[in-house]
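>>> Here's my sequence, what's the structure:
(one chain, ligands or ions: 1)
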Amino acid sequence: MNVAVEKDIAKVGVQNSSEWDVLIVGAGFAGLYMLHKCQQRGYRVRLFEAGDGIGGTWYWNRYPGARVDVESMEYSYTFDAELEQKWSWSERYAAQPELQRYVNFCADYFDLWPNIQLNTKVTDAVYNEATGSWRIGTENGVNTTAKHCVMATGFLSSGQIPNFDGVDSYQGETYLTSKWPKEKVDFTGKTVSIIGTGSSAVQAIPLIAKEAEHLTVFQRTPPYSIPLRNEPLNKEFEKLVKSMYPEWRERQRWQSRAGFIAVNNEPTYPNDKSAIEVSEKERLADYEMRWRSGGLCYYSSFVDLLQNQEANDTLAEFVREKTRQRINDPELAELLLPRGYPIMAKRLCADTGYYETYNRDNVSLVSTKSDPIEKITARGIVVAGREYVSDVIIFATGFDAVTGAISRISVTGRGDRDLNDHWEGAPRAYLGLISTGFPNLFFLDGPCANGALVSPMLLSEHQVEWVDRCIAHSGLEEGASVEPRPESEDEWMVHMHEVGKDSLLHKANSWYMGANIPGKPRALLSYLGGLENYRQQTEAGESDNYRKLVVSKVA
Ligand code: NAP
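Residues are numbered from 1 along each chain as shown. Presented below is the predicted three-dimensional model:
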């Protein structure tokens, strides 16, 4: 045992047979904040990260054009006032390299590096009922034990390449957007094919088109995409936000619906009116105002947009009409326009010149809606009997979202129960934080919480603080454990499905529903109650001395 560890044990002052008080899996924003909290408590803590750098999604997603589509001033840690003032973003929406610089800056600032272990992919976790601790195994053979284990594995971290017939026979270069190489990929003079038109693709396509000899886009479902309107960060806006950060953050937390309040460089409140009860003039004024602002601010538009088809249709038609104007060829526009599913029922995309890219001579679209990709050959992609020969295929085909990363770890809880069995049909977790039968195991940004529909930064900070208090409450002693009462988990699942049952999300085949992965049970994976409501529910979960949980102590 090293000196630092001995010192930490003295500080915590408990007997614990585990090697670590807390083992965190994943070095994204959530895992790093969890590490910071544990360090502040003086715990013996370790963070295992599969990659050779930190940042989670912003470490892996290095494809051309990768940038966050939540405003930088709102997509940053909110828990440290000094950090907020110290850091300056260069763009309204930070690009991947800047986000990586930020995350590394934070790791330095909070002195997190000594407890981060890179290149360590967790493969399994087994609960020991006698000691109330977890044994954690890794791909490189490092095994360890920890009293508490926090899965900060991300909800968009398990990239997927569909099992196309012949995919392994392809002889050209292949790339997956979510596992992009660190070195620049040069497309100059190459014919490139890209499969997929979700958020990753709409960011990558305009930049790849500028470089490639020819780009062919294989689109199954046309997305709804809003211009992002990225620009250098407006200094007046930065000054305004920094002058009122505490108030700004409180409004993000409690009065925002989705965790962001900036629209047209002003703080705003969500629109609590119905889209169909206001006059057409008022409705269009709201949509136009948000179109000018750009990005995802439609999530704070009329309150019934994701509940009422008629309301949703008004926005869908508005966006289709605006989109039509961006595409020169009317026939092509008809193929690119999204129809047949509600807007925002798949995650809204935000783009920079996506539709205008199809006005270029070196870009073509292949719709695979009625003629799916038949196979991949040594030379390219076959659709409707035609082979599209390419030097490069890019898979922008998304993620086994929300549950994918956790499900790939073999997790065995009380009574040898496998977590994937507990989650069969649909994931279950009290408040999205902890599952019955899996004591001392916490999920950040996991299923049954609302990471998918609110700013992940705000959600995960709130969850980290909840987990931090819960660990402190249950303790570190040998034999101590915490888990939800079965009825608490049941109640939460009933509540989650009740809140989500009328949502228009059910009407689209999206990763929100697990519907993008063949064979994955179709189920609502996230809580749709909004950030404020989730915060209230989790606070209630701590009331009356955590009566919703079973906290067992050593006899
Ligand atoms: P995605 O939205 O799931 O898009 C995957 C694309 O691949 C879809 O167009 C999908 O078509 C297509 N596809 C999948 N399997 C296919 C198959 N077998 N045949 C043909 N096409 C297939 O994935 P993503 O673009 O990586 O984005 C995922 C999420 O990550 C986003 O929703 C967003 O939350 C997040 N993200 C955020 C940013 C940002 O902040 N700027 C950037 C990128 C990603 P279908 O639609 O028909 O299934």
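
>>> Find the closest residue to the ligand in this structure.
Going by CB to the nearest ligand atom, the ligand is nearest to Gly198 of the chain, at 2.2 Å. All C-beta spots, glycine's among them, are computed from the backbone N, C-alpha and C.

>>> what's the burial count for that residue?
By the criterion of other CB atoms under 10 Å, Gly198 has 22 neighbours.

>>> Excluding sequence neighbours, find me the nearest residue to it.
Gly398 (5.6 Å; CB to CB, 6 or more residues apart in numbering).

>>> what sits against that neighbour?
The neighbourhood of Gly398, defined by CB atoms under 8 Å, 6 or more residues apart in numbering, consists of 159-160, 196, 198, 200, 511, 516.

>>> Give me the local confidence score for it.
Note for Gly398: predicted pLDDT of 98.

>>> Show me just the buried residues among the contacts of Gly398.
Neighbour counting with 16 or more other CB atoms under 10 Å marks 159-160, 196, 198, 200, 511, 516 as buried within those.

>>> for those residues, which one is nearest Ser178?
Comparing these against Ser178 with CB to CB places Gly159 closest, at 3.5 Å.

>>> ok, the closest one - contacts?
60, 176-179, 397-399.

>>> Report the two of the residues you listed separated the most.
Greatest spatial distance in these: Trp60 and Thr397, 14.6 Å, computed using CB to CB.

>>> hmm, back to that, now go through the buried ones among the contacts of Gly398 and say which are in strands.
Using DSSP state E, no member of those falls in strands.

>>> Can you tell me which of these is nearest Thr538?
Closest to Thr538, out of all of the buried ones among the contacts of Gly398 and judged by CB to CB, is Trp511, at 23.8 Å.

>>> from what I can see that closest one touches Ala401, true?
Yes: shown here, Trp511 and Ala401 form a contact pair, counting by CB atoms under 8 Å, at 3.8 Å.

>>> Find residues that contact each of those two.
Listed as contacting both Trp511 and Ala401 by CB under 8 Å, 6+ apart are 156, 452.

>>> related to what we said a few turns ago, now tabulate the contacts of Gly398 in a markdown table and tack on pLDDT.
Formatted as a markdown table, the contacts of Gly398 follow (pLDDT from 0 to 100):
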| residue | pLDDT |
| --- | --- |
| Gly159 | 97 |
| Gln160 | 96 |
| Gly196 | 98 |
| Gly198 | 98 |
| Ser200 | 98 |
| Trp511 | 97 |
| Asn516 | 96 |
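
>>> Helices - which of those land there?
Ser200 (DSSP state H).

>>> Closest one to Thr144 out of the contacts of Gly398, please.
Using CB to CB, Gly159 is the member of the contacts of Gly398 that lies nearest Thr144, at 26.7 Å.

>>> where's the closest one relative to Arg326, distance?
If you measure Gly159 against Arg326 using CB to CB, to the nearest Å, the figure is 29 Å.

>>> try Thr377
Distance from Thr377 to Arg326, by CB to CB: 34 Å.

>>> what's the closest non-adjacent residue to Lys242?
Gln85 (6.0 Å).

>>> thought the one you found was touching Val241?
No: assessed by CB under 8 Å, Gln85 is found out of contact with Val241, at 10.6 Å.

>>> who has more neighbours, those two?
The neighbour comparison of Gln85 against Val241 (other CB under 10 Å) goes to Val241, with 23 against 11.

>>> so what's the backbone phi/psi at the residue lying closest to that one once chain neighbours are set aside?
Distance criterion CB to CB, 6+ apart; nearest residue to Val241, sequence neighbours excluded, is Met73 at 4.7 Å. The phi and psi values for Met73, taken as degrees, to the nearest 10, are phi -60, psi -20.

>>> Was I right to think Met73 contacts Ser90?
No: Met73 lies out of contact with Ser90 (CB under 8 Å); the separation is 11.8 Å.

>>> what residues do these two have in common as contacts?
By the contact definition CB under 8 Å, 6+ apart, Met73 and Ser90 are jointly contacted by Leu233.

>>> Compare those two and say which is more crowded by neighbours.
Counted by other CB under 10 Å, Met73 and Ser90 do not tie: Met73 has more neighbours, with 23 against 11.

>>> do you know how far that one is from Arg547?
39 Å.

>>> Which helix or strand contains Arg283?
helix 280-293 (DSSP states H and E).

>>> one step back: in ChimeraX, how would I select the buried members of the contacts of Gly159?
Buried members of the contacts of Gly159, defined by 16+ other CB under 10 Å, are picked up in ChimeraX with:
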select :60,176,177,178,397,398,399
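
>>> Tabulate the contacts of Gly159 in a markdown table, adding columns for secondary structure and distance to the ligand.
What follows is these, written out as a markdown table (DSSP: H, G, I helix; E, B strand; the rest coil; distance: CB to the nearest ligand atom, whole Å):
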| residue | secondary structure | distance to the ligand |
| --- | --- | --- |
| Trp60 | helix | 11 |
| Leu176 | strand | 9 |
| Thr177 | helix | 6 |
| Ser178 | helix | 6 |
| Lys179 | helix | 11 |
| Thr397 | coil | 4 |
| Gly398 | coil | 3 |
| Phe399 | strand | 6 |
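
>>> wait, which of the contacts of Gly159 is closest to Arg253?
Phe399 (26.8 Å).

>>> circling back: A helix includes the residue nearest to Lys242, no?
Yes: Gln85: assigned to a helix according to DSSP: H, G, I helix; E, B strand; the rest coil.

>>> got the residues of the chain near the ligand?
Counting by CB under 6 Å from any ligand atom, the positions of the chain adjacent to the ligand are 67-69, 156, 162, 177, 195-201, 203, 220-221, 347, 368, 373, 396-399, 509, 511, 516.

>>> What residue, apart from its backbone neighbours, is nearest Gln537 spatially?
Of all residues not flanking Gln537 in the chain, Leu431 sits nearest, at 6.4 Å (CB to CB, 6+ apart).

>>> in stretch 227-240, what counts as buried?
227-228, 230, 233, 237-238, 240.

>>> no, scratch that, I was asking about stretch 523-539
523-532, 534-535, 537-538.

>>> With secondary structure and distance to Glu424 as new columns, can those be given to me in a markdown table?
Below are the buried residues of stretch 523-539 laid out as a markdown table (DSSP: H, G, I helix; E, B strand; the rest coil; distance: CB to CB, whole Å):
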| residue | secondary structure | distance to Glu424 |
| --- | --- | --- |
| Ala523 | coil | 10 |
| Leu524 | coil | 15 |
| Leu525 | coil | 14 |
| Ser526 | coil | 18 |
| Tyr527 | coil | 20 |
| Leu528 | coil | 22 |
| Gly529 | coil | 24 |
| Gly530 | coil | 28 |
| Leu531 | helix | 29 |
| Glu532 | helix | 32 |
| Tyr534 | helix | 25 |
| Arg535 | helix | 30 |
| Gln537 | helix | 25 |
| Thr538 | helix | 25 |
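
>>> Nothing else from me, thank you.
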